[in-house]
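Q: A predicted structure for the sequence below; I have some questions about it.
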Amino acid sequence: MVSKGFIKGRPAQLHVLDFGLFKVHANGRVIGICGFLIVTDVGERILIDTGFPAKYARDAARASKEDNLGEFGEVLALSAGNLPAPQLAKSGVLPGDIDLLIMTHTHIDHVGGLADFPGAPILIAKAERDLPKPLYWRGAQPMDWPVRDYMLVTQDFDLGPGLRILLVPGHAPGQLAVLLDMPDSGPMLLVSDAISRPAEIDEKFAGSWDDALAIVNGARLMALARETGAQVIYGHCPEQWPNLRKTPEHFT
C-alpha cells in the first residue's frame, strides 16, 4: 500500500509534457496527449503518465493496425520527440532521475512507457493493478505488468506536502487525479480522464467504464476546484491543450 508522506518536498515546478496528437473518428475531435513532470523544492521528480507505446512513434499506421486502434481514431502527430525521455530531457531530466511514476489509469495513451522507468516505484490504484493486465485498448491487452514496487491507492491521501492523490473511478476502474499546491500558481487540479473536457460533464460521461461513477466523481472534482480555487487541467480538452504552456516552460 501507499506510504503517506512518501514525497518529502513541496511541488515547485509543474511541467506539461506533449505526448502527441490524436483524432477521434466519431466526432473529429483532435486531442492532445499529455503527461506531467512535478519537481519538488528538494529535487524529487515525479512523472505522471507515459503516453502511447513507443511503437507508435516508429510507425503509427502499423501500430494502429496491430492494436485495431483505427476503430476509434488516428494518431496525427507522434514522433520520437513526443516520447517520455525526450520530453523529460527538455527540462534537463533523465529517465533515471524519476523518483516516482504515477499512473492515472492504464489506457493506451497513458500506459505506453509503463516499463521504461525501472528505478522508480509505480503509484497506481489497486483496482487497476488487480487487473490481469493493463487495460490498454478494448480487446487488445499486449502489455504485462512490469516487475516493480507498486504503491497501491485505495482512497484519497496526501502523498506529500501540497500533493494530494484523489481516487476518482468512472472513466476507468482506478482513475486517479492529482491536486497540487503550487507556490506561485496556487492550487492546480490535474483531473486526467476523470474529466477529459468540460463538455463531458453535460454529456453525462457517456461511454465511460462506469457512467454513474464518472458523474459522481466528476461532480466531486469540480466541487473541489471551486472550493480550493484550483486551476483545472483537463485530460484531453481541444480548446485548452494548444494554450497550455509546455515543457521546458512550466508552472511554479
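A: Here it is on my side, so go on.
Q: can we go C-alpha only for contacts and neighbour counts from here?
A: Will do.
Q: contacting residues around the spatially closest residue to N82 that is not a sequence neighbour?
A: Setting aside the residues directly before and after it, N82 is nearest to F19 in space (C-alpha to C-alpha, 6 or more residues apart in numbering), at 4.5 Å. Neighbour list for F19: 32-35, 50-52, 78, 82-84, 87 [criterion: C-alpha atoms under 8 Å, 6 or more residues apart in numbering].
Q: per-residue confidence at the spatially most central residue of the chain?
A: By C-alpha atoms, centre = their mean, the chain has its centre lying nearest to D49, at 4.1 Å. Per-residue confidence (pLDDT) for D49: 98.
Q: Verify the stated contact: it with H110.
A: Yes. A contact is recorded between D49 and H110 when judged using C-alpha atoms under 8 Å, the distance being 5.1 Å.
Q: Check the contact lists of the two and give me the overlap.
A: 35, 103-104.
Q: State which strand of the protein is the longest.
A: strand 11-24 (DSSP state E).
Q: Could you pull up the residues touching D41?
A: When contacts are counted by C-alpha under 8 Å, 6+ apart, D41 is found next to 9-12.
Q: Quick one: the helices in the stretch 101-250 of the chain, in order.
A: Under the criterion DSSP state H, counting those that start in this stretch, the stretch 101-250 of the chain carries helices at the ranges 108-111, 126-129, 199-202, 211-228.
Q: can I have the first one written out in CSV, keeping just the CAs?
A: Output for helix 108-111, consisting of C-alpha atoms alone and laid out as CSV, is shown next (Å, rounded to 0.1, in the frame of the first residue of the first chain):
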residue,chain,number,x,y,z
ILE,A,108,-3.2,3.0,-24.3
ASP,A,109,-2.5,6.8,-24.4
HIS,A,110,-1.2,6.8,-20.8
VAL,A,111,0.4,3.4,-20.2
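Q: That helix - what's its average pLDDT?
A: Helix 108-111 shows a mean pLDDT of 98 in the predicted model.
Q: Can you list the buried residues in stretch 237-245?
A: Residues of stretch 237-245 classed as buried: 237-238, 241 (neighbour count, 16 or more other C-alpha atoms under 10 Å).
Q: Serialize the residues you listed to CSV and add fields for pLDDT and distance to V39.
A: As requested, the buried residues of stretch 237-245 are arranged in CSV below (pLDDT from 0 to 100; distance: C-alpha to C-alpha, whole Å):
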residue, pLDDT, distance to V39
C237, 98, 24
P238, 97, 26
W241, 98, 21
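Q: quick one on the thing from earlier: can you pick the most crowded of the shared contacts of D49 and H110?
A: T104 (31 neighbours; other C-alpha atoms under 10 Å).
Q: among the helices of the stretch 101-250 of the chain, which is the most enclosed?
A: With neighbours defined by mean count of other C-alpha atoms under 10 Å, none of the helices of the stretch 101-250 of the chain is more surrounded on average than helix 108-111, at a mean of 22.
Q: And the contacts of D41, which is closest to G174?
A: Checking the contacts of D41 against G174 by C-alpha to C-alpha gives P11 as the nearest, at 23.7 Å.
Q: Just give the closest residue to the closest one, not the sequence neighbours.
A: Taking C-alpha to C-alpha, 6+ apart, and ignoring the residues beside it in sequence, P11 has T40 as its nearest neighbour in space, at 4.2 Å.
Q: how close does that neighbour get to Q231?
A: To Q231, T40 is 19 Å away according to C-alpha to C-alpha, to the nearest Å.
Q: Which of these two has more residues huddled nearby?
A: Regarding T40 and Q231, a neighbour count based on other C-alpha under 10 Å identifies T40 as having more, with 22 against 16.
Q: per-residue confidence at the more buried one?
A: Residue-level pLDDT assigned to T40 equals 98.
Q: and if you look at A26?
A: We have a pLDDT of 86 for A26.
Q: Correct me if wrong: it contacts F72.
A: Yes. In this structure A26 lies within contact range of F72 using C-alpha under 8 Å: 7.3 Å.
Q: So which of the two has more stuff around it?
A: It is F72, of A26 and F72, that has more neighbours when counted by other C-alpha under 10 Å, with 12 against 9.
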